[in-house]
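Engineer: sequence and computational prediction follow.
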Amino acid sequence: MAKSSMKSSLQSLAASFADAVLDAIKGASLQELLAESGKAKRGPGRPRGSRASPASPPRATKAGRLKRRSAEDIAAALDQVVALVKKHKAGFRAEQIRKALKMQAKEMPRVLAEGLAKNKLKKRGQKRATTYTAA
């Protein structure tokens with residue numbers, strides 16, 4: 001019987017505590033509640049947890065992922081590739097171009113595709129035997 005009386009007294013204490021907390025919350029203003037929680041009100045449409053200020057530095061990308069390149073960056077890389085390929089009449093493979101210009105392998109497909117699309121480069125061969133020459 002001691003268990004049931006202790007259980008009932010704990011339940012009544014918990015219920016009275018909950019009622020007191022609800023009364024305190026109902027009596028407080030929204031600004032007071034936000035000030036106590038230490039969090040600013042988020043605007044409509046803003047996802048939870050994104051409180052980054054505009055002045056905060058950009059987050060680091062995942063390992064191995066390239067940063068976004070502008071059209072000017074790609075054009076500059078293409079100009080370097082065209083200048084290199086012009087020096088060698090037999091042409092260069094993509095691997096040779098990459099080594100000569102110290103580029104990452106992930107950078108090459110976009111640059112080479114732009115060169116072919118703009119008729120600045122020509123290609124001959126297939127797969128790894130493909131050689132690129134200046135148009």
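Structural biologist: Everything's here; your move. Numbering: from 1, shown residues only.
Engineer: please count neighbours and contacts with C-alpha atoms only from this point.
Structural biologist: Noted.
Engineer: what's the helix or strand harbouring residue 133 in contact with?
Structural biologist: Using DSSP states H and E, residue 133 sits within strand 131-134. Here strand 131-134 makes contact (CA atoms under 8 Å, 6 or more residues apart in numbering) with 82, 85-86, 88-94, 120-125.
Engineer: stretch 112-125 - what's its average pLDDT?
Structural biologist: Mean per-residue pLDDT for stretch 112-125: 93.
Engineer: now that stretch: buried residues?
Structural biologist: 112, 114, 115, 116, 120, 121, 122, 123 (16 or more other CA atoms under 10 Å).
Engineer: isn't the fourth one right up against residue 124?
Structural biologist: To tie it back to what came earlier, the one meant is residue 116. No - judged on CA atoms under 8 Å, residue 116 makes no contact with residue 124 at a distance of 11.3 Å.
Engineer: show me where pLDDT drops low in this structure?
Structural biologist: Applying pLDDT under 70 to the chain picks out residues 1, 33, 38-64.
Engineer: look through it and tell me its longest helix.
Structural biologist: helix 2-27 (DSSP state H).
Engineer: chain center to the helix or strand following that one, what's the gap?
Structural biologist: On the C-terminal side of helix 2-27, the closest following helix or strand by DSSP H and E is helix 30-37. Its chain's C-alpha centre and that of helix 30-37 lie 32 Å apart, by CA atoms, centre = their mean, to the nearest Å.
Engineer: and the angle from helix 30-37 to helix 2-27?
Structural biologist: 120 degrees (axes from the mean of the first three to the mean of the last three CA atoms, to 10 degrees).
Engineer: name the residues of the very next helix or strand once past helix 30-37 that are buried.
Structural biologist: Next helix or strand after helix 30-37 toward the C-terminus (DSSP H and E): helix 71-87. Neighbour-count burial for helix 71-87, with 16+ other CA under 10 Å as criterion, is recorded at 74, 77, 78, 81, 82, 84, 85, 86.
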